[in-house]
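Novice: I'll drop the sequence and a predicted model, then ask my questions.
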Amino acid sequence: MAEEFPEGIDPRRVPAHVACVMDGNGRWAARRGLPRTEGHAAGETALWDTVEGALALGIRWLTMFAFSTENWRRPPDEVRYLMHFNEDLLVRRRDELHEKGVRIRFAGRRDWRVPRRVLRRMDESVALTEKNRRMTLTMAFNYGGRAEIVDAVRQLVADGVRPERVDERAIRARLYHPDQPDPDLVIRTSGEYRISNFLLWQLAYSELVFSDVLWPDFRRQHLYQAVAEYQRRERRYGGVRVDRGA
């Protein structure tokens, strides 16, 4: 409702798609003398509050970088914890997301490294929420931007597309979710200024906002601050404003 809408944000200019690199769990834990896994556990609160904030704003698409193709290089104990944590998170939260009208989707490779039980939980969550349209929450899991482009090109070859027929539309049609709009806003937490192989094709004209807040401390008010920053910017997509001449 209007009276509940965050102050300082224009409801007519809320980004349709926000993507987030959830970074800083390990540093959050280290500063407290805790195992890295405790940082991942604390990140659940941040994730849930961010989802709630996105729903309050009316954001239609929210994409979260949950586990990258590079994260397999982490210590085996941490990887095992993350697999179990993500499985447990789905079981505990999917019904509540479903009740809120959130569609759950995943982007990434379904290869042999992902435990079958995790894949089953993912498929169950997708099936349960597939008709919801209030918001689409996409978890980028075993995801890499380069891997997605490679997979799209492989599909082009498998489809027998002739070289002269290869264009942006042909590649986009073979991305993991072709119907998903490009992110208007990408947020990265923890004070790092990198893309880290996230949505490389899709963020060509996304606005980037970098936050010094470590992910476990991120809350909806930080999302609102990022959206307010987004609204202060002028998106020209390579063009110019005639009245300004620049």
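Specialist: Received the coordinates, thanks.
Novice: what's the helix or strand for the closest residue to residue 89 other than its chain neighbours?
Specialist: Spatial nearest neighbour of residue 89, chain neighbours left out: residue 44 (6.3 Å); criterion: C-beta to C-beta, 6 or more residues apart in numbering. C-betas here are computed from N, CA, C, even on glycine. In the assignment (DSSP states H and E), residue 44 maps to helix 36-57.
Novice: which regions of this structure sit below the pLDDT cut-off?
Specialist: 1-3, 239-246 (pLDDT under 70).
Novice: list the buried ones in the helix of greatest length in it?
Specialist: Assignment by DSSP state H gives helix 76-99 as the longest helix of the chain. Across helix 76-99, burial judged by 16 or more other C-beta atoms under 10 Å covers 81-83, 85-87, 89-90, 93-94, 97-98.
Novice: got it, and stretch 65-72?
Specialist: Under 16+ other C-beta under 10 Å, the buried positions of stretch 65-72 are 65-69, 71.
Novice: Make JSON lines out of those and add secondary structure.
Specialist: What follows is the buried residues of stretch 65-72, written out as JSON lines (DSSP: H, G, I helix; E, B strand; the rest coil):
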{"residue": "65", "secondary structure": "strand"}
{"residue": "66", "secondary structure": "strand"}
{"residue": "67", "secondary structure": "strand"}
{"residue": "68", "secondary structure": "strand"}
{"residue": "69", "secondary structure": "coil"}
{"residue": "71", "secondary structure": "helix"}
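Novice: Just name the closest of the residues you listed to residue 229, please.
Specialist: residue 65 (19.5 Å; C-beta to C-beta).
Novice: contacts for the host helix or strand of residue 122?
Specialist: According to DSSP H and E, residue 122 maps onto helix 116-129. The contact list for helix 116-129, computed with C-beta atoms under 8 Å, 6 or more residues apart in numbering, reads 83, 86-87, 90-91, 94-95, 97-98, 102-106, 110, 141.
Novice: and if you look at stretch 5-16?
Specialist: 2, 56-61, 181, 183-185, 224, 227-228, 230-231.
Novice: Only the buried subset of those residues, as a ChimeraX command please.
Specialist: Buried subset of the contacts of stretch 5-16, written as a ChimeraX selection, criterion 16+ other C-beta under 10 Å:
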select :57,59,60,61,183,184,185,224,227,230,231
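Novice: Can you spell out which residues form a bridge with the nearest residue to residue 233 once chain neighbours are set aside?
Specialist: For residue 233, ignoring the flanking residues on the chain, the nearest one in space by C-beta to C-beta, 6+ apart is residue 207 at 5.5 Å. For residue 207, the beta-bridge partners under DSSP bridges are residue 185.
Novice: what's near enough to touch residue 207?
Specialist: Contacts of residue 207 (C-beta under 8 Å, 6+ apart): 184-186, 230, 233, 235.
Novice: One more: residue 109?
Specialist: Going by C-beta under 8 Å, 6+ apart, residue 109 touches 69, 142-144, 147, 151.
Novice: Go again with 7 Å.
Specialist: Residue 109 makes contact with 69, 142, 147, according to C-beta atoms under 7 Å, 6 or more residues apart in numbering.
Novice: How much space separates the first one from residue 147?
Specialist: If you measure residue 69 against residue 147 using C-beta to C-beta, to the nearest Å, the figure is 5 Å.
Novice: burial count for residue 204?
Specialist: Here the count is done by other C-beta atoms under 10 Å, and residue 204 has 12 residues near it.
Novice: Next, it: phi, psi?
Specialist: Phi and psi for residue 204, reported as degrees, to the nearest 10, are phi -50, psi -40.
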